[in-house]
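Peer 1: Give me a 3D structure for the following:
(2 chains)
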2 protein chains.
Amino acid sequence: MIRGIDRVGIGVRDLDSAIEIYTKRLGFKVDKIYENEVEKVRTAVIFSDGCILELIQPLSDDSPVAKFLAKRGEGVNYISLKVEDLDRAINEFKARGLRVLREIPTTIEGRKYTFLHPKDTTGVLFEITGP
Amino acid sequence: MIRGIDRVGIGVRDLDSAIEIYTKRLGFKVDKIYENEVEKVRTAVIFSDGCILELIQPLSDDSPVAKFLAKRGEGVNYISLKVEDLDRAINEFKARGLRVLREIPTTIEGRKYTFLHPKDTTGVLFEITGP
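Peer 2: Okay, the predicted model is just below:
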């Protein structure tokens, strides 16, 4: 069902200085920067060949990413897994005993996604994305 | 220089129960299970299409993964990035001001890798791997 790693999301305190590090030192390029009002974050999508990362800075103390930073500090916030059919994947994961955080996926900037409960998957927040 | 995400390493407390979750619930298949004496861990390499994860259980309290689990709990331990030429990449990353944790890469099970210092890359432990 899982077709690959779509991207990795990284929680950061300061998006502009993170972009500096990832572009000048690691050699990534910026695809786009946008605000996600559902997650209350400002996000930079960066890439290098087939590898996509999202750098995510919270815009509000009640953003899930603000809570992540307060608890764990900067670092990997989520791993996004691609599936062929998101609605079918949600049903299958539920049937296998995994909790889905939003049964109605969120669509932002043309991407449709939801999350699995990290307590069901060894502490990893998996985003599930697909058409 | 970076050619894609090679794999994601996930620190777990109990490898066997983690394998259960990732195979029965998430649908991954086990490629192999081996012990890495350098990192003092037992590792399961699992895959689904192009997506590779490593589940990593420490075998000793002085394993870097034991320290990771004690500090942060289960979750994403590292992101592995593929490069074309590992020795050249090490020199280039150093020239750009990133600290390389082992200048002589480790080779285990045919994979050659080193790490960048997570304090230089927004708290993310990046493994760099390549021929």
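Peer 1: Taking the chain centroid, which residue in chain A is the extreme one?
Peer 2: What lies farthest from the middle of chain A is A:Ala95; by CA atoms, centre = their mean that is 23.4 Å.
Peer 1: quick one, phi/psi of that one?
Peer 2: Backbone torsions for A:Ala95, taken as degrees, to the nearest 10, come to phi -60, psi -30.
Peer 1: how close does it sit to B:Lys119?
Peer 2: From A:Ala95 across to B:Lys119, the span is 42 Å (CB to CB, to the nearest Å). Heads up, the C-betas are built off the backbone N, CA and C, glycines and all.
Peer 1: Break down chain A into its strands, ranges please.
Peer 2: A:2-11, A:29-36, A:41-48, A:51-58, A:75-83, A:106-108, A:111-115, A:126-129 (DSSP state E).
Peer 1: touching chain B at all, the first one?
Peer 2: Right, the one you point to is strand A:2-11. Yes - Strand A:2-11 reaches chain B (CB under 8 Å from any CB of the partner chain) through A:2-5, A:8, A:10.
Peer 1: of these, buried ones?
Peer 2: Buried members of the residues of strand A:2-11 next to chain B, scored by 16 or more other CB atoms under 10 Å in any protein chain shown, are A:2, A:5, A:8, A:10.
Peer 1: Which single one of these is nearest to chain B?
Peer 2: Nearest to chain B among those, counting by CB to the nearest CB, is A:Ile2 at 4.0 Å.
Peer 1: circling back: export the strands of chain A to TSV and tack on mean pLDDT?
Peer 2: Output for these, formatted as TSV (pLDDT from 0 to 100):
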stretch	mean pLDDT
strand A:2-11	96
strand A:29-36	97
strand A:41-48	98
strand A:51-58	97
strand A:75-83	97
strand A:106-108	95
strand A:111-115	97
strand A:126-129	98
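Peer 1: need these in a markdown table with distance to B:Glu54, can you?
Peer 2: Listed next are the strands of chain A as a markdown table, based on distance: least, CB to CB, whole Å:
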| stretch | distance to B:Glu54 |
| --- | --- |
| strand A:2-11 | 13 |
| strand A:29-36 | 27 |
| strand A:41-48 | 21 |
| strand A:51-58 | 17 |
| strand A:75-83 | 12 |
| strand A:106-108 | 29 |
| strand A:111-115 | 22 |
| strand A:126-129 | 15 |
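Peer 1: Nearest to B:Arg99, out of these?
Peer 2: For the strands of chain A, proximity to B:Arg99 was assessed by CB to CB; strand A:75-83 is nearest, at 16.8 Å.
Peer 1: Show me what the closest one is packed up against.
Peer 2: If you count contacts as 3 or more CB pairs under 8 Å, 6 or more residues apart in numbering or on different chains; DSSP states H and E, strand A:75-83 packs onto strand A:2-11, strand A:126-129, strand B:75-83.
Peer 1: one more time with 6 Å, if that's ok
Peer 2: In terms of contacts (3 or more CB pairs under 6 Å, 6 or more residues apart in numbering or on different chains; DSSP states H and E), strand A:75-83 is packed against strand A:2-11, strand A:126-129.
Peer 1: of all those, which lies closest to B:Leu86?
Peer 2: strand A:2-11 (20.5 Å).
Peer 1: hmm, who's touching that closest one?
Peer 2: The contact list for strand A:2-11 (CB atoms under 6 Å, 6 or more residues apart in numbering or on different chains) reads A:52-56, A:65, A:68-69, A:74, A:76-82, A:129, B:5, B:48-51, B:79, B:124.
Peer 1: Check stretch A:53-65 too.
Peer 2: Under the criterion CB under 6 Å, 6+ apart, residues A:7-12, A:15, A:18, A:40-46, A:66 lie in contact with stretch A:53-65.
Peer 1: do stretch A:27-47 as well
Peer 2: Stretch A:27-47 has contacts (CB under 6 Å, 6+ apart) with A:15, A:19, A:22, A:48, A:53-60, A:63, A:65, A:106, A:108-109, B:1.
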